[in-house]
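Asks: Okay, predicted coordinates and the sequence, questions at the end:
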Amino acid sequence: MKIGVITSGGDAPGMNIVIDTVITLAPQYGCEIVLIKNAYKGIIEEDFLDVKTIQHLNYRNDGGTILGSVRFPEFADTELRKKAVKILNSHGIEALIVIGGDGSFQGASELSKLGIKTIGIPATIDNDLSYSEKTLGFDTASNFAVEAIERVKSTIISHHRCLFIEVMGNKRGDIALFSGLATNADVIVIPEMKKSYEQIVAEVKEVSKRQKYIFIIVSERTYDLEKLATMTKKEANIDTRTLVLGHLQRGGSPSIFDRILGMKFSYKAMELLSQNATDYCVGNKGDEIIAVPISEAANAPLKRHDILEKIYKKIEKGKE
Ligand code: F6P
C-alpha cells in the first residue's frame, strides 16, 4: 500500500518524529511512504517528495515539520477534495496519515468518505483534542513556558512588579493550567474557569497585600492583556508588565515524552492501516494508545482537569 503523509495546521514539536518513524516502519508492513509538502495544499499542487530526498537529513528530533504546513481553509470545498482524491489515485496513493489538529482531521474524514483510507495523529501544542489525554507537542510547549516563566521571575521579583504572562492554547487553558501550577503562579486564568476582569484584578490586589511581586498566567484569546494590566495598575497600585510568549512555544526539540508519544502514535497508525481501518484517529489514555473514529473524537465531551483545578483552588486558598 502507498501511504501519503502530511503535516497540517499549526506545527508542533514531535511532527518530525512521526514522519521519520512511519518511514522506518512502512517496509515492515509492506507499505511505501510518499511525503506530501504543505498539508492539503500540497496534494492539490502535487508537491510530493520521495523519502530518499530527506532520509540523509538528521531532522527527526528537530522542532517544526520538515514537510512544511499551511492552513488551507479552501479544502472545505467538496470539488477541491474530489480533485485531491483524483490526484492521490493517479499517484497510486491509497491511504493518508494526517498529522495535525481537529481541523486537519475533518479533512481526513471527508477524504475517507471519498475512498482514501485516512488516519489522524494528534499534533498541536494546545492539547485541545478532548478524546486524547495528550496531543503531540503539548509537553514540549508547556516545558518551554515553565522555563520562560522561571527565567523572567528574577527580574519581576527584583523590581517588585506584577507580570501578566500570556501563553498559547487556542481557547483552551491546558498550557496555562499546567505551566501555572508547575511554576506556582499566583493567579491562573483559563477559559475553563472563567473570571471577570474585576474578579481577576481583585485577586491580584489580594495577593499584593501579602507579597511585593505577582505572577499571573493567562491563556490566550480569553482576555485583553493590556486591559488587565492597566486595571491592575490602577486598582492595586503596583508596577505592572505584560509578556506574550507567542510562537516561541511552538519551537524547539521535542521533549522525551513527546518523542515517545510520537513513536507510539506512529506505530498505532501503521497497525490500523495494515488492518484496513479508515476514518480513525489515534490518541492516548495514560500509557494506553487508543483509536477512535474521527466523528466520535470530534464530539468527545470537553476535556477538563478536575483534579488540577481543585488543587489550584486549594493552593490559592492556602496562600490567603
Ligand atoms: O494551534 C496552535 C496555535 O499555536 C495556537 O495556540 C495559536 O492560537 C495559533 O496556533 C496561532 O496560529 P498562527 O501560527 O497561525 O498565528
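Replies: Nice, I can see it.
Asks: Quick one: residues contacting the closest residue to the ligand within the stretch 151-300 of the chain.
Replies: For the stretch 151-300 of the chain and the ligand, the shortest gap (Cβ to the nearest ligand atom) falls at Met168, measuring 3.3 Å. (Glycine included, C-beta is placed from N, CA and C.) With contacts defined as Cβ atoms under 8 Å, 6 or more residues apart in numbering, the neighbours of Met168 are 125-126, 141, 175, 220, 245-246, 249-250.
Asks: Out of those, which sit inside helices?
Replies: Within these, residues falling in helices by DSSP state H are 141, 175.
Asks: so which of the contacts of Met168 comes closest to Asp47?
Replies: When the contacts of Met168 are compared for distance to Asp47 (Cβ to Cβ), Arg250 wins out at 22.3 Å.
Asks: I figured the closest one was touching Phe138, is that so?
Replies: No. Using Cβ atoms under 8 Å, Arg250 is not in contact with Phe138; the gap is 11.0 Å.
Asks: Between the two, tell me which one has more neighbours.
Replies: Phe138 (32 against 20; other Cβ atoms under 10 Å).
Asks: wait, the more buried one sits on Asn127?
Replies: Yes. Under the criterion of Cβ under 8 Å, Phe138 lies in contact with Asn127, with a separation of 3.9 Å.
Asks: shared neighbours, these two?
Replies: 174-175.
Asks: which residue sits closest to Ala43, ignoring its sequence neighbours?
Replies: That one is not Ala; residue 43 is Ile. Ala84 (4.5 Å; Cβ to Cβ, 6 or more residues apart in numbering).
Asks: how about the residue of the stretch 1-150 of the chain found nearest the ligand, secondary structure?
Replies: Among the residues of the stretch 1-150 of the chain, Gly10 lies nearest to the ligand; the distance is 3.3 Å by Cβ to the nearest ligand atom. The three-state assignment at Gly10 reads coil, by DSSP: H, G, I helix; E, B strand; the rest coil.
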